[in-house]
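*Asks:* any chance you could fold what I've pasted below:
(chains A and B)
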Amino acid sequence: MNVLSCSMNTLRGLYDISGVEVGQHFYWQIGGFQVHAQVLITSWVVIAILLGSAFIAVRNPQTVPTATQNFFEYVLEFIRDVSKTQIGEEYGPWVPFIGTLFLFIFVSNWSGALLPWKIIELPHGELAAPTNDINTTVALALLTSIAYFYAGLSKKGLGYFSKYIQPTPILLPINILEDFTKPLSLSFRLFGNILADELVVVVLVSLVPLVVPIPVMFLGLFTSGIQALIFATLAAAYIGESMEGHH
Amino acid sequence: MASMIVASSNAKPLSPLPITSQSPKPRIQIPQIKIPQKLLKLSSSALKSLSAVAVTSLAFSPPSLAAEIEKAALFDFNLTLPIIMVEFLVLMFALDKIYYSPLGNFMDERDNAIKEKLNSVKDTSEEVKQLEEQAAAVMRAARAEISAALTKMKKETQLEVEQKLAVGRKKIEAELQEALANLERQKEDTIKSLDSQIAALSEEIVRKVLPVQ
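*Replies:* As a prediction, this is how the structure comes out:
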């Protein structure tokens, strides 16, 4: 009995200390619908960071760039490079989409790791990276799907649908299935990676508060960047794939 | 996910206690000693009570845990999804307005300007060659002029020198002839004076030699 109650108490204690809050949300009611307020708040912060820094850096472009302008030029070159390698010569109109995907996911992920969200107490749930919520990742993945459908339809008209029977009509079911697996894999990859990162860090911090979590945190930063790049690259690849002509 | 974590961590400490401590022992000890059977009974009853306690403790587990397990919703789709979509699209257009388009255009223009400048630099290299040729021509002309002027000056000075020399020579010759003429005149004068003296002397000599009669 004593042992049992002891173990229960220690378990409860551990649980309280570690404060691993998974899948807990701070709800707001908007016109009869529920929203995850913590996601919206952090996404606003991320958007504010992006818009503010871009506005400050590009407000007055110099021919010989200053340090911040140089950084933003580098980022833009990087985004253009990714879009160009995946989409091809007609990448111009897609730079904003790919770039915003990359920047939004990247800043979201890093904000989850670097910004001290825990300082702000919520009544329920906690603030974390927006990409740690399935709603965000699915929203981005669905937008990607819409984008590549739009790209294909605007380039080839209804002839776009001929790609479903392209090598042989036998592949029709698989080709149709691809349209569902693409957003699914995109969203779950990002969601799972970011959630797992934050969970690992939180659990390690609860076990060993000092030094030990630091390498895992750096690994988390690395993974976050990679995930942002993967999402943007894959989105660009899907768009490029639906735009390329196969005669 | 949280429910799984919590459930598994709850189950672990409970199960090892009854199984490992009691179940393997009885099978070995039953045929040899009779006393332990009581213990066994006791222990089995204890096991029952333990398990009952475990069940009740699980059932009446802390309300906070139970509540949080219920609410853990990882795949909770709601209005957040379309709101994030709209936010993303707004962010995309805003970033395009303040970042991608302006900075991209600026960079392209700068690239073009640099290329043009490079091309113009290539053109001016020919210009530079022409200018160099012109400079060489000017230098050659200047050298020719200078040498011509030099030769001219030399000739002029030579002429002058010769003229001066000729004038000097004439002057000297004239002076010389004058001096010679002077000499001649003086000679004649002295000869004349000598002639008159000769007459006088000869008269005296004659007088002295020829005693006066």
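*Asks:* which other helices and strands contact the host helix or strand of A:Ile239?
*Replies:* For A:Ile239, the enclosing helix or strand under DSSP states H and E is helix A:213-243. Helix A:213-243 is packed against helix A:67-87, helix A:95-114, helix A:134-156, helix A:172-207, with contacts defined by 3 or more C-beta pairs under 8 Å, 6 or more residues apart in numbering or on different chains; DSSP states H and E. Any C-beta I mention is one placed from the backbone N, CA and C, and that applies to glycine too.
*Asks:* now the angle between helix A:213-243 and the second one, please.
*Replies:* I take that to be helix A:95-114. Here helix A:95-114 runs at 160 degrees with respect to helix A:213-243, directions being taken by axes from the mean of the first three to the mean of the last three C-alpha atoms, to 10 degrees.
*Asks:* the last one too?
*Replies:* Helix A:172-207 and helix A:213-243 meet at an angle of 170 degrees, taking the same axes, to 10 degrees as the criterion.
*Asks:* same deal with the third one?
*Replies:* Using the same axes, to 10 degrees, the inter-axis angle of helix A:134-156 relative to helix A:213-243 is 30 degrees.
*Asks:* and helix A:134-156 with chain B, contact?
*Replies:* Yes: counting by C-beta under 8 Å from any C-beta of the partner chain, chain B has neighbours in helix A:134-156: A:134-136, A:138-140, A:142-143.
*Asks:* distance from the helix holding A:Ile239 to the middle of the chain?
*Replies:* The gap between where helix A:213-243 is centred and where its chain is centred comes out at 8 Å by C-alpha atoms, centre = their mean, to the nearest Å.
*Asks:* pLDDT on that helix, on average?
*Replies:* When pLDDT is averaged along helix A:213-243, the result is 90.
*Asks:* swap in stretch B:84-104?
*Replies:* The predicted model gives stretch B:84-104 an average pLDDT of 90.
*Asks:* ok, and for it, which residues are buried?
*Replies:* Counting neighbours by 16 or more other C-beta atoms under 10 Å in any protein chain shown, one finds that the buried residues in stretch B:84-104 are B:84-85, B:87-88, B:91-92, B:94-96, B:98-100, B:103-104.
*Asks:* which non-adjacent residue is nearest the spatially most central residue of chain A?
*Replies:* Residue closest to the mean C-alpha point of chain A, counted by C-alpha atoms, centre = their mean, is A:Ile105 at 3.7 Å. Once its chain neighbours are removed from consideration, A:Ile105 has its nearest residue in A:Ala228; the separation is 4.0 Å (C-beta to C-beta, 6 or more residues apart in numbering or on different chains).
*Asks:* tell me where the model's unsure across chain A.
*Replies:* With pLDDT under 70 as the threshold, chain A has low-confidence stretches at A:1-23, A:245-247.
*Asks:* next one: chain B
*Replies:* Residue ranges of chain B with pLDDT under 70: B:1-72, B:212-213.
*Asks:* sorry, back to before: top of the residues of helix A:134-156 next to chain B by neighbour count?
*Replies:* A:Thr136 (31 neighbours; other C-beta atoms under 10 Å in any protein chain shown).
*Asks:* who's in contact with that one?
*Replies:* For A:Thr136, the contact set (C-beta atoms under 8 Å, 6 or more residues apart in numbering or on different chains) comprises A:39, A:43, A:108, A:130, B:80-81, B:84.
*Asks:* now it: how far from A:Val46?
*Replies:* Using C-beta to C-beta, to the nearest Å, A:Thr136 is found at 10 Å from A:Val46.
*Asks:* also B:Thr151?
*Replies:* 89 Å.
*Asks:* neighbour count for the two, which is higher?
*Replies:* A side-by-side neighbour count of B:Thr151 and A:Val46, using other C-beta under 10 Å, places A:Val46 first with 26 against 10.
*Asks:* that one reaches A:Phe106, doesn't it?
*Replies:* No: the pair A:Val46 and A:Phe106 does not pass the contact test of C-beta atoms under 8 Å, sitting 9.6 Å apart.
*Asks:* is chain B contacted by stretch A:43-52?
*Replies:* Yes: Stretch A:43-52 comes into contact with chain B when judged by C-beta under 8 Å from any C-beta, the residues involved being A:43-44, A:47, A:50-51.
*Asks:* so A:Pro61, which of the three states?
*Replies:* coil (DSSP: H, G, I helix; E, B strand; the rest coil).
*Asks:* isn't it up against A:Thr68?
*Replies:* No: between A:Pro61 and A:Thr68 there is no contact, the gap being 10.9 Å when judged by C-beta under 8 Å.
*Asks:* looking at those two, which one has more neighbours?
*Replies:* More crowded of A:Pro61 and A:Thr68, by other C-beta under 10 Å: A:Pro61, with 18 against 13.
*Asks:* now the residue lying closest to that one once chain neighbours are set aside: which helix or strand?
*Replies:* Counting by C-beta to C-beta, 6+ apart, A:Pro61 lies nearest to B:Phe106, which is 4.5 Å off, once chain neighbours are set aside. Under the assignment given by DSSP H and E, the secondary-structure element containing B:Phe106 is helix B:101-209.
*Asks:* give the other helices and strands that that helix contacts.
*Replies:* Taking 3+ C-beta pairs under 8 Å, 6+ apart as the contact cut, helix B:101-209 packs with helix A:67-87.
*Asks:* which residues make contact with the helix it packs on from outside it?
*Replies:* Outside of helix A:67-87, the residues within contact range by C-beta under 8 Å, 6+ apart are A:53-54, A:56-58, A:61-62, A:65, A:91, A:94-95, A:98-99, A:102-103, A:229, A:232-233, A:236-237, A:239-240, A:243, B:99-100, B:103-104, B:107.
*Asks:* only the buried subset of the residues you listed, as a PyMOL command please.
*Replies:* Buried residues within those, by 16+ other C-beta under 10 Å, are selected in PyMOL with:
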select buried, (chain A and resi 53+54+57+58+61+65+91+94+95+98+99+102+103+232+233+236+237+239+240+243) or (chain B and resi 99+100+103+104+107)
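*Asks:* shared neighbours, A:Thr136 and A:Val46?
*Replies:* In the contact map built from C-beta under 8 Å, 6+ apart, the residues linked to both A:Thr136 and A:Val46 are A:108, A:130.
*Asks:* got the angle for the helix holding A:Ile239 vs helix A:67-87?
*Replies:* Angle between the axes of helix A:213-243 and helix A:67-87 is 50 degrees (criterion: the same axes, to 10 degrees).
*Asks:* what's the burial count for A:Thr131?
*Replies:* When neighbours are defined as other C-beta under 10 Å, A:Thr131 has 33 of them.
*Asks:* just checking, it touches A:Ile105?
*Replies:* Yes: counting by C-beta under 8 Å, a contact exists between A:Thr131 and A:Ile105, whose distance comes to 5.9 Å.
*Asks:* identify the contacts common to those two.
*Replies:* With C-beta under 8 Å, 6+ apart, A:Thr131 and A:Ile105 have common neighbours A:190, A:227.
*Asks:* quick one, the helix holding B:Phe106 and helix A:95-114 angle?
*Replies:* Interaxial angle of helix B:101-209 relative to helix A:95-114 (the same axes, to 10 degrees): 100 degrees.
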